[in-house]
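> need coordinates for the following:
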Amino acid sequence: MLTFKEYRSHDALGLAKLIADKEVTPEEVLDAALLRCDEMNPKLNAVVHRNDGAEKGRVAADLPEGPFAGVPFLLKDLYAFERGQPLGNGSRLWDGAEAPMDFTYTVRCREAGLVTFGRTNTPELGLVWTTEPEANGPTCNPWDLSRSPGGSSGGAAAAVSAGILPMAHATDGGGSIRMPASRCGLFGLKASRGRNPMGPVVGEGWAGLAGSGVVSRSVRDSAAMLDATGYPESGEPYAAPAKTRSYLEQVGRTPGPLRIAYHTTDYAGAPLSPEAIEAVEATASLLRELGHEVEEACPEIDAERMGRAMGVIIAGNLHQAVMARYRELDRDPNGVGAEYTTWNMVQAAERLSAADYAGAVTAFHMAGRALGRFFEEHDLVMSATMRNPPTPLGEVRTDKWNMEDLFEAAHREMPITPLFNQTGCPAMSVPLHWTKDDLPVGVHFGAPYGREDRLFRLAGQLEEAKPWFDRVPEL
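This is a model prediction of the structure:
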């Protein structure tokens, strides 16, 4: 019998090695995850669907010889199709829906040997930076149950932080891997646009803003997972530049002296919170001690224009998804089943034109050019992942906010992360700081397009210099 202490002392690759060395069985590892889920989920509401029986049958059979063979895993309940499994998208409108096919990403998860025993909570259609959907209720942050774990991958981050499993699927369309990683004391990397597949049907999500990945307790788990999933598939509209070696190998390599810019304001010049500034300045000092060249500098971005462009892209894509669901249900598209903010954005999309959409895409491309010029002078850029430490549940009001309210609040709370979705560049949140109240504050690093290798090398160095694996919430 694998005890929880033994189970939690390993990351996903560590558990896979125990299984491969026959020190434990896959059944024992899955049982440990299920038992912890039974204990923690009533407090957290992180997992909204379980399929224990099917997965117990799977581990009893021959598992693929992948890097994570026999390791428990959870999929985010947002467009991660797994044939025949529920697909709620955090919305009452999708009650009773089942995935008609497998997505390429979920197939690659299985091929890596992961044992997917359930799905994690998400806000409706991944729209906001907290996880409090009307369909499933709020997810609580393991570091303080009165606070939000972030979003939209809040269920995933809460589950990993609470020790249900060492790594979980997440997606990121504006920061939804990095923001919950920041608020739950985890590592989270958003890969370059086109790195992970979006097939077999579509080529991109939210006009290239969105992609899949994981939140994890160790850097090497995220690296090995990107190795397992991050390569092109047939029919992709584009692909990220090919890697030069495995990302897992990059974690152990020295990054060399890097030119790292940092800023303690948002792109409009407004300061971050005192706690966020403290995290950034402490990390700047650590980077200098590690031999990097660090200077204060911020990319020149028209934050107001980018916010408007983000609204156009998301509203248009929400309209497409929600209207398709109403047609599927053969129901009048009248907003019933959707949250107030979601439906308001669907209606806003009807007032937008094709020219508005094209203009938004152009704005993203212009930001990409500006960020590219910035990276000619700097290897990386560093700031805080969120403006504030974890905030109380209930502050985000999808029951009454319209589109303008939503994006005004989004800029206040999450001003840093969306740029890297808009430009397609890779970025990561690293758990390097905690407040005096023991709340995690992630530090954000962005890199030029295709340079995940640079991020993983630095992350490995930071993990060694300031370890966080054993810093876990007391529940």
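> which secondary element of the protein has the worst mean pLDDT?
One helix or strand of the chain scores below all others by mean pLDDT, DSSP states H and E: helix 52-60, with a mean of 79.
> name the next helix or strand following that helix along the chain.
strand 72-76 (DSSP states H and E).
> next, the buried residues of the following helix or strand past that next one.
Downstream of strand 72-76, the first helix or strand assigned by DSSP H and E is helix 104-111. For helix 104-111, the buried set under the neighbour-count rule, 16 or more other C-beta atoms under 10 Å, comprises 104, 105, 106, 107, 108, 109, 110. C-beta here means a position set from N, CA and C on the backbone, and glycine is covered the same way.
> format those residues as a markdown table; extra columns: pLDDT.
Output for these, formatted as a markdown table (pLDDT from 0 to 100):
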| residue | pLDDT |
| --- | --- |
| 104 | 97 |
| 105 | 98 |
| 106 | 97 |
| 107 | 97 |
| 108 | 98 |
| 109 | 97 |
| 110 | 95 |
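> mind checking the longest helix of this structure?
Secondary structure of the chain read by DSSP state H shows that its longest helix is helix 303-329.
> return the list of helices and strands in contact with that helix.
helix 340-349, helix 354-377, helix 403-413, helix 418-422 (3 or more C-beta pairs under 8 Å, 6 or more residues apart in numbering; DSSP states H and E).
> give me the pLDDT for the residue positioned nearest the centre of the chain.
Residue closest to the average C-alpha location in the chain (C-alpha atoms, centre = their mean): residue 177, at 1.4 Å. pLDDT recorded at residue 177 is 98.
> so which of the helices and strands packed on helix 303-329 is the most packed in?
Ranked by mean neighbour count, the helices and strands packed on helix 303-329 are led by helix 418-422 with a mean of 26 (mean count of other C-beta atoms under 10 Å).
> contacts for it, please.
172-175, 190, 206, 209-210, 267, 299, 301, 306, 309-310, 363-364, 367-368, 371, 410, 425-427, 446 (C-beta atoms under 8 Å, 6 or more residues apart in numbering).
> quick one: closest of the helices and strands packed on helix 303-329 to residue 279.
The closest of the helices and strands packed on helix 303-329 to residue 279 is helix 403-413. By C-beta to C-beta, the value is 15.7 Å.
> ok, residues contacting the closest one?
By C-beta under 8 Å, 6+ apart, the surrounding residues in contact with helix 403-413 are 127-129, 174, 266, 268, 303, 307-308, 310-311, 315, 341, 344-345, 348, 386-388, 391, 396-398, 401, 418.
> for the closest residue to residue 83 other than its chain neighbours, grab the count of nearby residues.
Using C-beta to C-beta, 6 or more residues apart in numbering and skipping the chain neighbours, the partner closest in space to residue 83 is residue 102 (4.9 Å). Residue 102 has 18 neighbouring residues, counting by other C-beta atoms under 10 Å.
> low-confidence ranges in the stretch 351-475 of the chain?
Scanning the stretch 351-475 of the chain for pLDDT under 70 picks out nothing.
> ok so, going back, and the least confident helix or strand of the chain, how far from the chain's centre?
The chain centre lies 27 Å from the centre of helix 52-60; the measure is C-alpha atoms, centre = their mean, to the nearest Å.
> list the buried residues of that helix.
Buried residues in helix 52-60, counted by 16+ other C-beta under 10 Å: 55, 56, 58, 59.
> list of residues touching it?
26, 27, 30, 34, 70, 115, 116, 117, 118.
> how about residue 151, secondary structure?
coil (DSSP: H, G, I helix; E, B strand; the rest coil).
> quick check: it touching residue 124?
No. The pair residue 151 / residue 124 is not scored as a contact, 10.2 Å apart, by C-beta atoms under 8 Å.
> avg pLDDT for stretch 130-150?
The average of the pLDDT scores along stretch 130-150 is 98.
> straight-line length of that stretch, end to end?
Using C-alpha to C-alpha, to the nearest Å, one end of stretch 130-150 lies 4 Å from the other.
> so which residues of the stretch 201-350 of the chain form strands?
211-216, 259-262, 293-296 (DSSP state E, counting those that start in this stretch).
> and of the ones you listed, who's closest to residue 439?
Relative to residue 439, the nearest member of the strands of the stretch 201-350 of the chain by C-beta to C-beta is strand 211-216, separated by 17.0 Å.
> next, find the distance separating residue 13 from residue 179.
Residue 13 sits at a distance of 25 Å from residue 179 (criterion: C-beta to C-beta, to the nearest Å).
> just to revisit the earlier point, list only buried entries from the contacts of helix 403-413.
Those of the contacts of helix 403-413 that meet the buried threshold are 127-129, 174, 266, 303, 307-308, 310-311, 315, 341, 344-345, 348, 386-388, 391, 396, 398, 401, 418, by 16+ other C-beta under 10 Å.
> picking that back up, chain center to the longest helix of the chain, what's the gap?
That offset, for helix 303-329, works out to 20 Å (C-alpha atoms, centre = their mean).
> contacts for stretch 36-50?
Residues contacting stretch 36-50 (C-beta under 8 Å, 6+ apart): 4, 7, 34, 74, 77, 85-86, 88, 117-121, 136-140, 142, 145, 149, 154-156, 158-159, 162-165, 475.
> ok, stretch 330-337 next?
With C-beta under 8 Å, 6+ apart as the contact definition, stretch 330-337 has outside contacts at 91, 92, 93, 95, 322, 323, 326, 343, 346.
> so the fourth one makes contact with residue 88?
Yep, that's residue 95 we're talking about. Yes. Residue 95 lies in contact with residue 88 (C-beta under 8 Å); the separation is 7.1 Å.
> measure stretch 91-100 end to end?
Terminal residues of stretch 91-100 are spaced 18 Å apart (C-alpha to C-alpha).
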